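> need a structure here:
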Amino acid sequence: MGIRASTLLLFVALAAVAIANEPTRPISGSNSGSNSHSAVERPATGRDATSIEWNARNAEHLLNRAGFGARPAEIAAAVNVGHAAFVEQLLTGFRPDYEPFFVERIERPDRDELQAMGEAERREFLNQVQRDNRRQLAQFAGWWVDQMLESHHPLRERMTLFWHGYFTSSARDVRSSAAMIEQNELFRTRGLGKFGELLRAIVRDPAMLEYLDNNQNRKGNPNENFAREVMELFTLGEGHYTEADIKEAARALTGWVTRRGEAAYVKGRHDNGKKTILGVTKNFDADSFLALLLEQPACPQWLAKKLLVHFEGRTPSPARIDDYASFLKSNDYDVRAFLRRLFLDPAFYSDDVVAARIASPIDYLVGTSRRLSVEPPPALLWLAAGQLGERLFEPPSVKGWDGGQAWITTSTLMQRGNMAGMLLGVVKLEDVLRPEVLDEEPEPGDMSGEMTGEMTGDEAGGDEMSGDDGESRRAPRAKPDAKPAKKKPATPALKGEYGQMGRMLADAYIPAIHLSARLQRAQATNDHAAVDALADELLPVALTPESRAELVRFLASEREALGIEEAQLCKSGRDGERLLRRLAHLILSLPEAQLS
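Prediction:
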């Protein structure tokens, strides 16, 4: 039996109000009246390179932000190592080596090959290409989520996710699983290095060239999409360039195209004339254009703010941005050095920062799985995150995901709690999704949709073109008033995903948890101690007094209804275990569980 609907709705309503009204309030601290987050507390091992006390609270905060949640043993190990030494472990990885995902190039035929086929043969061939791409992208998504769950190098995967939302591309437009996977691997291998090197690699990245229409950018007929986003979203931000700068910058980026899935420089397409960008006149090409951007004062300011907002969860003060921007510039945009300084900064561990960031769906689901010590199919978490608004490989626009408070609505908060209940085995799959969304159909070309779906007529070649040089490309998107249209959010193919999730839950997942044994080890012999022990393991921050009181009342009421004595809860067999899982479900539906 799951949690009564009225009980869960009450908790969700309280959580939605709390998050909407006070999204940055400090939740952690010693005023909760509970012993939450004290199980591994111990005297500090001494001052490291910072002036903070290195304890369980600060170690868990660092693990939450630099990775994807922490188990009690991991927190204890971090405390024992010491602050500075543990930061170095995060930067280098606990097991830095990994086996990359094998990528198969799934070739699309060119125009001549398509025209040589009959209509039925052409449709079936393109359908198979689409199915193969979808299958490979789904397999890779599961592989990536597994890297997050394993946490052999949590910061590497954290930065891969950060850059995935910074240098966005979408599988819906790129339509090549190999290109999307290789871009992801670029973030993984270079995400902790020099920003300038990563920026130069992005200009040569096949997925980005396709996504931002650089195949249509040629001498005499420039396409401004790529140049605009490089300046607006990747380096400077709005207000630091003019429309004339964008037009000239587009000329500098001519020449780079994709051919058969690979980036290629076509000399005849490049505009070799002089350009004037940001007041400088010279024969700019892609690299000299990017070098000019990196020299602009706005560039380190832009990147420093993006990194600080991501890791701290709040808008930093102008003085803090200036400080970290100056550090970035003086260290040649070294991201690893930036993060080392941030993770040793006492301000990073202030109460305002510790409870300031709302967890993204991926953060929430991976963190919940790690704290529960369950092993769901990784692809299940990928699909579940998509239901909650974070569909990896399909950001809603060129700006990526808004993040922060945009992650939480009354509807998504209820869904988050239900997803946690699904991981615990106390919520059925059919209760996770609203009935009406199961009637939605995939949009044409949706690579993340139903994996066995057939192509529409449009997918079968309606908007594909092949140039004289043999490359395959899409017709350029219309841009009103020289401003690129933001991509509209995709309609998730929830019916197909519902079936996939159902098969995973039925065939590949049993929540192998024993909460009664955990509470026995913690010597939790009464309702208050049981709530404190579970909250300590499952929450990234401490309970508020109000949440703790509600949970204790719930546990006492349900325990008494089952006729279980307080001291016998952990020894009461199936009924006691089910009650504890329902209690864990409520804990993971609280506002505290939505923070990281």
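> please name the residues that touch residue 416.
By Cβ atoms under 8 Å, 6 or more residues apart in numbering, the contact list for residue 416 reads 361, 364, 388, 588-589, 593-594. Where C-beta positions appear, they are placed from N, C-alpha and C, glycine not excepted.
> possible to save the residues you listed as TSV with secondary structure?
Below are the contacts of residue 416 laid out as TSV (DSSP: H, G, I helix; E, B strand; the rest coil):
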residue	secondary structure
361	helix
364	helix
388	coil
588	coil
589	coil
593	helix
594	helix
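> minimum pLDDT in these, which residue is that?
Lowest pLDDT of these: residue 388, 92.
> from residue 419, how far off is that one?
Look at residue 388 and residue 419: by Cβ to Cβ, to the nearest Å, they are 7 Å apart.
> can you list residues touching both of those two?
364-365.
> looking at these two, which one has more neighbours?
residue 419 (25 against 20; other Cβ atoms under 10 Å).
> report the buried residues of the helix or strand hosting that one.
Element membership for residue 419, per DSSP states H and E: helix 410-424. Neighbour-count burial for helix 410-424, counted by 16 or more other Cβ atoms under 10 Å, picks out 412-424.
> residue 567 contacts residue 526, correct?
Yes. In this structure, residue 567 is within contact of residue 526 by Cβ atoms under 8 Å, at 6.9 Å.
> between those two, who's got more neighbours?
Using other Cβ under 10 Å, the more surrounded residue of residue 567 and residue 526 is residue 526, with 14 against 9.
> quick one, phi psi at the more buried one?
Phi and psi for residue 526, reported as degrees, to the nearest 10, are phi -140, psi 170.
> which ones are touching it?
Neighbours of residue 526 in contact, by Cβ under 8 Å, 6+ apart: 566-567.
> distance of it relative to residue 572?
For residue 526, the distance to residue 572 - Cβ to Cβ - is 14 Å.
> and the strands in the protein?
Counting by DSSP state E, the chain has strands at residues 256-259, 262-265, 275-277, 280-282, 464-466, 472-474.
> break this structure into its domains for me.
5-95+357-436+497-594, 167-354 (automatic domain parsing).
> what's the closest of those to residue 133?
Nearest of those to residue 133, taken as Cβ to Cβ: domain 167-354 at 4.3 Å.
> now, which of the contacts of residue 416 sits nearest residue 545?
residue 593 (16.5 Å).
> please work out which of the strands of the chain is packed deepest.
Mean neighbour count (mean count of other Cβ atoms under 10 Å) peaks for strand 256-259 among the strands of the chain, with a mean of 21.
> quick one on the thing from earlier: now the helix holding residue 419: average pLDDT?
For helix 410-424, the mean confidence score works out to 92.
> go on, stretch 344-357?
On average, stretch 344-357 scores 94.
> going forward, begin numbering at 24 instead of 1
Okay, using 24 as the starting number, the last item reads as stretch 367-380.
> with adjacent residues omitted, what lies nearest to residue 537?
Excluding the flanking residues, the one nearest residue 537 by Cβ to Cβ, 6 or more residues apart in numbering is residue 600, at 7.3 Å.
> cool, residue 435 as well?
Excluding its sequence neighbours, the residue lying closest to residue 435 (Cβ to Cβ, 6+ apart) is residue 411, at 5.5 Å.
> what does the one you found show for phi and psi?
Main-chain dihedrals, residue 411, degrees, to the nearest 10: phi -90, psi 0.
> related to what we said a few turns ago, what number of residues lie near the residue nearest to residue 537?
17.
> returning to that earlier point: which of the strands of the chain has the lowest mean pLDDT?
Lowest mean pLDDT within the strands of the chain: strand 487-489, at a mean of 33.
> contacts only, for the residue lying closest to residue 304 once chain neighbours are set aside.
Nearest non-adjacent residue to residue 304, counting by Cβ to Cβ, 6+ apart: residue 297, 5.8 Å away. Neighbour list for residue 297: 304-306 [criterion: Cβ under 8 Å, 6+ apart].
> so residue 533 versus residue 585, what's the distance?
24 Å.
> same deal with residue 428?
In this view, residue 428 and residue 585 are 38 Å apart by Cβ to Cβ.
> residue 395 reaches residue 447, doesn't it?
Yes. Counting by Cβ under 8 Å, residue 395 does reach residue 447; the two are 7.1 Å apart.
> as a check, name the ranges of all helices in the stretch 374-523 of the chain.
Using DSSP state H, counting those that start in this stretch, the helices of the stretch 374-523 of the chain run over residues 374-377, 384-395, 401-410, 433-447, 517-531.
> now the first one - C-alpha only, CSV.
This file holds the C-alpha atoms of helix 374-377, laid out as CSV (Å, rounded to 0.1, in the frame of the first residue of the first chain):
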residue,chain,number,x,y,z
ASP,A,374,24.5,28.9,4.9
ASP,A,375,23.1,31.0,2.0
VAL,A,376,24.9,28.8,-0.5
VAL,A,377,24.4,25.4,1.1
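> which stretches of the stretch 474-619 of the chain have low pLDDT?
474-518 (pLDDT under 70).
> so who does the spatially most central residue of the chain touch?
Nearest residue to the geometric centre of the chain (Cα atoms, centre = their mean): residue 184, 4.9 Å. Contact analysis of residue 184 by Cβ under 8 Å, 6+ apart lists 171, 385.
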